[in-house]
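J.: no sequence on this one, just coordinates:
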């Protein structure tokens with residue numbers, strides 16, 4: 001796992017500074033981080049609300065019980081209305097009959113979507129990024145580019161950075177590269193508990209689902225433009 005080393009953070013007007021690394025885990029300089037993204041205070045209630053919304057919007061209704069209109073058969077009235085001495089019935093597929101439809105059962109038409117406005121999403125996202133940076137779970141890299149889309153190549157680099165034991169294959173890292181960095185998407189897709197995410201698709205769920213976040217320096221500008229105040 002990524003060691004909780006003391007990242008030196010320094011506020012200067014509207015910018016925050018932190019260490020910049022390369023794929024060999026060597027410090028190669030300092031990078032300015034936008035204050036609006038990485039200095040947001042921790043808002044657990046808002047983060048929970050946005051996370052619930054995101055999970056609900058992904059949910060698909062599977063459970064479904066057939067109504068009397070969907071159950072096969074019962075098109076004919078079982079007996080005449082009057083004169084038999086029995087109760088009136090219009091169909092043998094009524095919910096009170098064995099083999100009939102289900103009244104008030106689960107339906108595949110149910111919708112679970114929860115609406116959250118853009119401002120709430122943006123603040124929750126920045127709140128998680130700020131908290132993870134303060135806790136030393138975010139590292140900024142000058143470049144995450146690899147020459148070939150080979151899993152072995154990126155795996156060895158990530159293991160070295162995270163200081164993972166040789167026999168362990170689970171890395172637990174979210175990689176946010178520059179959009180043009182195509183090789184890393186292909187190289188990392190077979191790794192366990194590792195995900196490469198486009199900076200414009202950053203979301204609260206993925207940030208919370210992974211312990212370590214590796215962000216390429218040029219991806220920060222994309223995040224800033226994508227989630228800027230409208």
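T.: Looks like it arrived, so ask away. Note that the structure is predicted; figures quoted are calculated from it, not measured. Residues are numbered from 1 along each chain as shown.
J.: can you list the domain ranges for this structure.
T.: 10-59+117-226, 61-111 (automatic domain parsing).
J.: can you give me the strands for the chain?
T.: Along the chain, the segments classed as strands by DSSP state E run 10-12, 15-21, 27-34, 138-141, 173-176, 194-196, 212-216.
J.: Could you list the low-confidence segments of the protein?
T.: 1-15, 230 (pLDDT under 70).
J.: at 80 what do you get?
T.: Scanning the chain with the threshold set as pLDDT under 80 gives 1-15, 166-169, 180-181, 229-230.
J.: ok, longest helix in the chain?
T.: Of all segments of type helix in the chain, defined using DSSP state H, the longest is helix 118-134.
J.: Point out the most buried one among the domains of the chain.
T.: domain 10-59+117-226 (a mean of 16; mean count of other CB atoms under 10 Å). C-betas here are computed from N, CA, C, even on glycine.
J.: Now render the strands of the chain as a markdown table, adding distance to residue 40.
T.: Output for these, formatted as a markdown table (distance: least, CB to CB, whole Å):
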| stretch | distance to residue 40 |
| --- | --- |
| strand 10-12 | 13 |
| strand 15-21 | 11 |
| strand 27-34 | 10 |
| strand 138-141 | 13 |
| strand 173-176 | 17 |
| strand 194-196 | 23 |
| strand 212-216 | 15 |
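J.: Which among those strands is found nearest to residue 152?
T.: strand 194-196 (13.4 Å; CB to CB).
J.: contact partners of the closest one?
T.: With contact meaning CB atoms under 8 Å, 6 or more residues apart in numbering, strand 194-196 is reached by 158, 171-177, 184-185, 188-189, 206, 210.
J.: again, but for stretch 44-63
T.: Stretch 44-63 has contacts (CB under 8 Å, 6+ apart) with 106-116, 120-121, 123-125, 127-128, 203-205, 208.
J.: sorry, back to before: could you check the strands of the chain and tell me which one is nearest residue 82?
T.: Using CB to CB, the nearest of the strands of the chain to residue 82 is strand 194-196, at 68.8 Å.
J.: What distance separates the opening and closing residues of stretch 33-44?
T.: Using CA to CA, to the nearest Å, the end-to-end distance of stretch 33-44 comes to 22 Å.
J.: And stretch 203-212, by the same measure?
T.: Start-to-end span of stretch 203-212 (CA to CA) is 14 Å.
J.: roughly how far out does it sit from the chain middle?
T.: From the chain centre to the centre of stretch 203-212 is a distance of 7 Å (CA atoms, centre = their mean, to the nearest Å).
J.: residues in contact with it?
T.: Contacts for stretch 203-212 (CB under 8 Å, 6+ apart): 1-2, 47, 50-51, 54-55, 121, 124-125, 128-129, 132, 137-139, 162, 171-174, 193, 195, 197, 213.
J.: Stretch 21-39 too?
T.: 11, 13-20, 126, 129-130, 133, 139-144, 146, 157, 160-161, 217, 220, 223-224, 227.
J.: Excluding chain neighbours, what is closest to residue 77?
T.: residue 90 (5.7 Å; CB to CB, 6 or more residues apart in numbering).
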